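any chance you can model this:
(3 chains)
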Amino acid sequence: MEKDLQEHYGYLFEKELLQEILNVGSYIEILEDVMLMDIGQQIKAMPLLLNGAIKVLREDKNGDELILYFIEQGDTCAMTITCCMGQKKSEVRAVAETDTKLIMVPVEKMGEWMGKYKSWQNYILQSYHDRMMEMLDAIDNIAFLRMDERLFKHLLDKAKVNHNDTLQTTHQEIANDMHTSRVVISRLLKALEKNNKIELYRNAIKILDL
DNA sequence: ACATTAAGTGATT
DNA sequence: AATCACTTAATGT
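Below is the predicted model:
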């Protein structure tokens, strides 16, 4: 754990802060597809990803899901930052996309470290900003109904977090993630294949130009 | 060989 | 873009 922390966060945080994280944080390993936070659940810790990836989803009243974004190593969940300020409940669901190792830091430390460590303050503000921009991007894509672009971006994201250009997934799963129907995904994927962006197989999609 | 599940397609709204 | 209805292809038992 100490080595992992040093490797991914050593260049970001000063030594004292790294030590505090080790003292107060708890190391957790999560297997693929395990949910680590559900909607309405009280947030009591914020995650620092060491490796692996987590997908953050939103759900409507019908139980349909929509992917908001992925978090990877070096990332933290921006939603946690807003929620823990007022001890609010989670507005999103978080599911492990791959096997993941992370450190959970109690939310009480958040405010304390904000004043104490400049590097922590920068990290939090920066990641909050990054996520915000990503959100705006996502809204643009949805608002302008550019399904094909949305889909391709999703595939790239998924390939990135899995460190693999061949995704092991079905059209149906993608449709669920993007809150659309399987038929639409199949057609768009077919179009992408024609444009030599991807290759299609059963239960797998290979991304070509990376 | 048969059942099940994933993917492809045309037509319609 | 979504839905329906149907076909085809791959895979498991």
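
what comes up buried for the host helix or strand of A:N23?
In the assignment (DSSP states H and E), A:N23 maps to helix A:15-24. In terms of neighbour count (16 or more other CB atoms under 10 Å), helix A:15-24 has its buried residues at A:17-18, A:20-21, A:24. C-beta here means a position set from N, CA and C on the backbone, and glycine is covered the same way.

okay, that helix in PDB with CA atoms only?
As requested, C-alpha coordinates have been extracted for helix A:15-24 and formatted as PDB (Å, rounded to 0.1, in the frame of the first residue of the first chain):
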ATOM      1  CA  LYS A  15       5.700  13.700   2.800                       C
ATOM      2  CA  GLU A  16       3.700  14.700   5.900                       C
ATOM      3  CA  LEU A  17       0.400  14.400   4.000                       C
ATOM      4  CA  LEU A  18       1.300  11.000   2.500                       C
ATOM      5  CA  GLN A  19       2.100   9.800   6.100                       C
ATOM      6  CA  GLU A  20      -1.300  11.100   7.300                       C
ATOM      7  CA  ILE A  21      -3.100   9.300   4.500                       C
ATOM      8  CA  LEU A  22      -1.300   6.100   5.500                       C
ATOM      9  CA  ASN A  23      -2.200   6.600   9.200                       C
ATOM     10  CA  VAL A  24      -5.900   7.400   8.700                       C
END
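
ok, then the element right after it?
On the C-terminal side of helix A:15-24, the nearest following helix or strand under DSSP H and E is strand A:26-30.

for A:L192, what is the enclosing helix or strand?
helix A:182-194.

how about A:E199?
When the helices and strands are read off by DSSP H and E, the one containing A:E199 is strand A:198-201.

what's the offset of that strand from the middle of its chain?
Here the centre of mass of C-alpha atoms in strand A:198-201, compared against the chain's by CA atoms, centre = their mean, to the nearest Å, lies 25 Å away.
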